[in-house]
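Asker: using only what follows, build the 3D model:
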Amino acid sequence: MKYTVLLNACYHRTRWISDIVCPMHIQKTMEIIIVTDGLLKMNIKGREYHIPAGSAVFAEPFDPHSFQSDQPNKCIVLEFSPDLHEIFWKWLETHDAQDRMISLPDKTYAYLLSLIPPETQVYQGLDTSHLQAILMPLCHAFLQGCSFEETPRKKHSDLLLQALDIITKTPPETLSLKTVAKQLGIRPDSLSRIFVEQSDVTFHSYVQNLRICSACALLCQGVPITEAAYQAGFGSICSFNRVFKQIMDCTPREFIRQNDRDERFSDRELTEPCVNYIYVRKEPQNDET
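Answerer: The predicted structure follows:
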């Protein structure tokens, strides 16, 4: 299996991806995935979804989610600020989604494909009006087809949003619960509680996944394993290898052998303000076993 790393650098865009694979991560954006071919496996807040062609699923900001591609698939990923569809966003602020996946009506599906840029423009960003034209029928379909439960709690925390910004701007070697809490002006145990309450993931787990994603990007640039481990914020190569294996299900050396270098990372700083990195499976060469 081979992978290439793509940096998720734009808040309002759509792109086509084949066989997407990504460890658990959190985003500040809304994310809608439309599967056009095959079957995509996705985990959102601990619930597993098997998404067939013609179906769509959404992840809210701060929802921990991951992707797997046990079978070949192709999908469209939409990323956008939640306030671009205010009605849907207001609904989500007071309701928990019990089921996030829908089968798109044929007319809606055909209409969406007519609006979304073709695969040859996979990295093309969309202007706001174009994106809203796509979001209106999608969000309406989710409101009609998904099951929700009313909840009195506020689901989205400004403090968590600030914490994510601080995390991405803090050098990995100095990043800790204590340093982030100090910048926010709150106690470390309060920040720990906010993380779990608002995202269902611990601060430590999120940072570990973020560091592994950063390490993967460095490895794909040809950075040696030991150097990548320390640059990503690990205190020892032993702990790095253990966590890498746990999250990526392979060792760093196996990851390097499986991957081609992506030249787009040669002069790009790893200061992406929101998400981590997306790992996209590529077709193996004929001479590989």
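Asker: all the helices of this structure, residue numbers only.
Answerer: 86-93, 106-115, 128-145, 158-169, 177-184, 188-199, 203-220, 225-231, 237-248, 252-258 (DSSP state H).
Asker: out of the ones you listed, which gets the lowest mean score?
Answerer: For these, mean pLDDT drops lowest on helix 158-169, to a mean of 79.
Asker: before we move on, the earlier item: mind checking which of the helices of the chain is nearest I32?
Answerer: Closest to I32 of the helices of the chain, according to C-beta to C-beta: helix 128-145, at 6.0 Å. Any C-beta I mention is one placed from the backbone N, CA and C, and that applies to glycine too.
Asker: packing partners for the closest one?
Answerer: strand 30-44, strand 55-59, strand 73-80, helix 86-93, strand 101-103, helix 106-115 (3 or more C-beta pairs under 8 Å, 6 or more residues apart in numbering; DSSP states H and E).
Asker: between helix 86-93 and that helix, find me the angle.
Answerer: 50 degrees (axes from the mean of the first three to the mean of the last three C-alpha atoms, to 10 degrees).
Asker: mind listing what's buried in helix 128-145?
Answerer: Of all the residues in helix 128-145, those buried under the rule 16 or more other C-beta atoms under 10 Å are 131, 134-135, 137-139, 141-142.
Asker: ok so, going back, let's have the helices of the chain in CSV, adding distance to Q68.
Answerer: Formatted as CSV, those follow (distance: least, C-beta to C-beta, whole Å):
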stretch, distance to Q68
helix 86-93, 25
helix 106-115, 23
helix 128-145, 22
helix 158-169, 24
helix 177-184, 29
helix 188-199, 20
helix 203-220, 15
helix 225-231, 24
helix 237-248, 12
helix 252-258, 15
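Asker: just these: most buried one?
Answerer: Mean neighbours per residue, mean count of other C-beta atoms under 10 Å, is largest over the helices of the chain for helix 203-220, with a mean of 22.
Asker: run the angle between it and helix 237-248 for me.
Answerer: 100 degrees.
Asker: and helix 203-220, how far out from the chain's middle?
Answerer: 12 Å (C-alpha atoms, centre = their mean, to the nearest Å).
Asker: on that earlier part again, closest one of the buried residues of helix 128-145 to I166?
Answerer: L131 (28.1 Å).
Asker: list the residues that contact that closest one.
Answerer: By C-beta atoms under 8 Å, 6 or more residues apart in numbering, the residues touching L131 are 12, 14, 78, 80, 84.
Asker: before we move on, what about T151?
Answerer: T151 neighbours (C-beta under 8 Å, 6+ apart): 94-96.
Asker: hmm, 6 Å instead?
Answerer: Counting by C-beta atoms under 6 Å, 6 or more residues apart in numbering, T151 makes contact with D96.
Asker: look up how far I134 lies from it.
Answerer: 28 Å (C-beta to C-beta, to the nearest Å).
Asker: one more: N43?
Answerer: Taken as C-beta to C-beta, the span from N43 to I134 is 25 Å.
Asker: does P252 touch F244 like I think?
Answerer: Yes: with contact defined as C-beta atoms under 6 Å, P252 counts as touching F244 (5.3 Å).
Asker: re the thing from before, tell me which of the helices of the chain sits nearest to T36.
Answerer: helix 106-115 (7.6 Å).
Asker: now do the contacts for L39.
Answerer: L39 is in contact with 52, 71, 73, counting by C-beta under 6 Å, 6+ apart.
Asker: now it: closest residue in space, sequence neighbours ignored.
Answerer: Q71 (4.7 Å; C-beta to C-beta, 6 or more residues apart in numbering).
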